[in-house]
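Chemist: fold the stuff below for me.
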Amino acid sequence: MKIQYLAFIRLPTEKAHGVQIVKTCEALASLGHEVELVIPGRQTHILGDAFSYYGAKKNFTITSLHTPDWVNLGPLGFFVSLLWFSEAAKWRKAFWDADVVFSRDAGVLLQYVLLGRPLVYEAHNDPSLASLIVARFAQKVVTISKGLKDEYAKRGIRVSKIAVIPDAVDPAHFEGIVSKVEARKRFHIPEGAVALYVGKIDAMKGADTFTAASAKLADIKAVIVGWGPLAKELASRYPTALFLPPTPYAELPALLSAADVLVLPNSGNYSESARNTSPLKLFAYMASGIPIVASDVPAIREVLDDDAAVYVMPDAPDALADGIVKAIATPGIGSIAKARAKKYTWTARAEKLLSAMS
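Modeler: Model prediction:
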């Protein structure tokens, strides 16, 4: 099968969607399919190629189209750049030769709904007008959580057209990694008990809740690795917490091994963090074997049962602080989560995608 994956992103990117897209393409190609990832020629501050940055095999091709990079000029610049990219992709022979045109960008697929192309739309956000139009015309709609499937079904998309396929991880990448001592030296993390959060530093992801909880942890060091709009504010407000810049995805297994507990503090105040998500960090956390403390929200409950994590009330710093202490004292839950991560591989996910495409 020839698969055209169209992604209006800069690549490499420190954002999670870059990992998800590259790993999806790699897994589809590993099953014997011809995969081409088509991206715009947007500038990125990350040096090196995407294969090295994400630790992916070069078993698929990445094609960068010459498009204007006006995304930073505001909504109009973003729209014109996206439209240009979508048009440029449409005029390539590979677009018309493909058996499937796949994307998680509704704005890209919107122009193709009347062209008779076999479109597969992977939804990651709450339904919008554009995504609902694409979903109605698409051959298949993939959602990453049951909650997101329900949102599309409520808005008239046939349930039989929707496949729920959560995100994934490479469990093998978490075997034979560096020791905790070596990892802490590499990432400049101090000795002692460490609670680690990796990801975007914003309210939706619960980074503010974690840093507030850190002030209540006398003997546990809070470490936040990532970027986001609240980074400077939270670093100033909570000076005892350690803030580190994003690391390449290929180094994530070593980074996680430096922790005593991994924190997944999704807010319950946003649908995209409570019901309509499938956090990549969740599956990486699971594969690491390190105990997890997580917000008690439906999207995480879809994957992890009570015996595999310590659940706490979302948006509650006191509850999170207590949960962190409990998770450190319950190391066995990490092994349970690690065993369950083995069914959430990128290959298994690709097989489900292919089944949906057919």
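Chemist: what sits against Leu11?
Modeler: With contact taken as C-beta atoms under 8 Å, 6 or more residues apart in numbering, Leu11 is in contact with 18, 21-22, 39, 42, 44, 50, 62. C-beta here means a position set from N, CA and C on the backbone, and glycine is covered the same way.
Chemist: top of those by neighbour count?
Modeler: Counting neighbours by other C-beta atoms under 10 Å, Val22 leads these with 26 neighbours.
Chemist: surely it touches Ala56?
Modeler: Yes - contact status for Val22 versus Ala56: in contact at 5.2 Å, counting by C-beta atoms under 8 Å.
Chemist: so what sits against both of the two?
Modeler: Common neighbours of Val22 and Ala56 (C-beta under 8 Å, 6+ apart) are Ala50.
Chemist: returning to that earlier point: now for the contacts of Leu11: which two are most distant?
Modeler: Taking C-beta to C-beta as the measure, those span a maximum distance of 15.3 Å, between Val22 and Arg42.
Chemist: picking up where we left off before, now the contacts of Leu11 as JSON lines including pLDDT, secondary structure and distance to Ser288?
Modeler: Shown next, in JSON lines, are these (pLDDT from 0 to 100; DSSP: H, G, I helix; E, B strand; the rest coil; distance: C-beta to C-beta, whole Å):
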{"residue": "Gly18", "pLDDT": "96", "secondary structure": "helix", "distance to Ser288": "20"}
{"residue": "Ile21", "pLDDT": "98", "secondary structure": "helix", "distance to Ser288": "22"}
{"residue": "Val22", "pLDDT": "98", "secondary structure": "helix", "distance to Ser288": "20"}
{"residue": "Ile39", "pLDDT": "98", "secondary structure": "strand", "distance to Ser288": "30"}
{"residue": "Arg42", "pLDDT": "89", "secondary structure": "coil", "distance to Ser288": "32"}
{"residue": "Thr44", "pLDDT": "89", "secondary structure": "coil", "distance to Ser288": "27"}
{"residue": "Ala50", "pLDDT": "94", "secondary structure": "helix", "distance to Ser288": "23"}
{"residue": "Ile62", "pLDDT": "98", "secondary structure": "strand", "distance to Ser288": "28"}
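Chemist: nearest to Trp70 among the residues you listed?
Modeler: Closest approach between the contacts of Leu11 and Trp70, by C-beta to C-beta: Arg42, at 9.6 Å.
Chemist: measure that closest one to Val142 for me?
Modeler: Plainly put, Arg42 is 24 Å away from Val142 if you go by C-beta to C-beta, to the nearest Å.
Chemist: pLDDT on the host helix or strand of Phe95, on average?
Modeler: Using DSSP states H and E, Phe95 falls within helix 93-97. Helix 93-97 shows a mean pLDDT of 98.
Chemist: that one packs against which elements?
Modeler: Under the contact criterion of 3 or more C-beta pairs under 8 Å, 6 or more residues apart in numbering; DSSP states H and E, helix 93-97 touches strand 2-6.
Chemist: send me the strand it packs on as PDB with only the CA atoms.
Modeler: What follows is strand 2-6 as a C-alpha-only set of coordinates in PDB (Å, rounded to 0.1, in the frame of the first residue of the first chain):
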ATOM      1  CA  LYS A   2       1.200   3.500  -0.800                       C
ATOM      2  CA  ILE A   3       0.500   5.900   2.000                       C
ATOM      3  CA  GLN A   4       0.900   9.700   1.800                       C
ATOM      4  CA  TYR A   5       1.200  11.200   5.300                       C
ATOM      5  CA  LEU A   6       0.700  15.000   5.100                       C
END
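Chemist: oh, and call the first residue 442 from now on, that's how I've got it
Modeler: OK, 442 is where the count begins now, so the last one is strand 443-447.
Chemist: so what are the sheet partners of it and their directions?
Modeler: strand 475-481 (parallel), strand 541-544 (parallel) (DSSP bridges).
Chemist: what does that strand contact?
Modeler: Applying C-beta under 8 Å, 6+ apart, the contact partners of strand 443-447 are 462, 465-466, 469, 474-479, 527, 530, 535-536, 538-544, 546, 549-550, 798.
Chemist: before we move on, what about stretch 577-593?
Modeler: In contact with stretch 577-593 (C-beta under 8 Å, 6+ apart) are residues 541, 550, 554-555, 559-565, 567-568, 573, 576, 597-598, 600, 602-608, 712, 715-719, 739-740, 743, 794, 797-798.
Chemist: whichever of those end up buried, select them in ChimeraX.
Modeler: Restricted to buried positions by 16 or more other C-beta atoms under 10 Å, the ChimeraX selection for the contacts of stretch 577-593 reads:
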select :541,550,554,560,561,562,563,564,565,568,573,576,598,602,603,604,605,606,607,608,712,715,716,717,718,719,739,740,743,794,797,798
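Chemist: among the contacts of stretch 577-593, which are in helices?
Modeler: Counting by DSSP state H, these place 550, 573, 576, 712, 715, 739-740, 794, 797-798 in helices.
Chemist: let's have those residues in TSV, adding distance to Pro694.
Modeler: Formatted as TSV, those follow (distance: C-beta to C-beta, whole Å):
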residue	distance to Pro694
Leu550	34
Leu573	38
Ala576	35
Ser712	31
Ala715	28
Pro739	28
Ala740	23
Leu794	24
Ala797	29
Met798	30
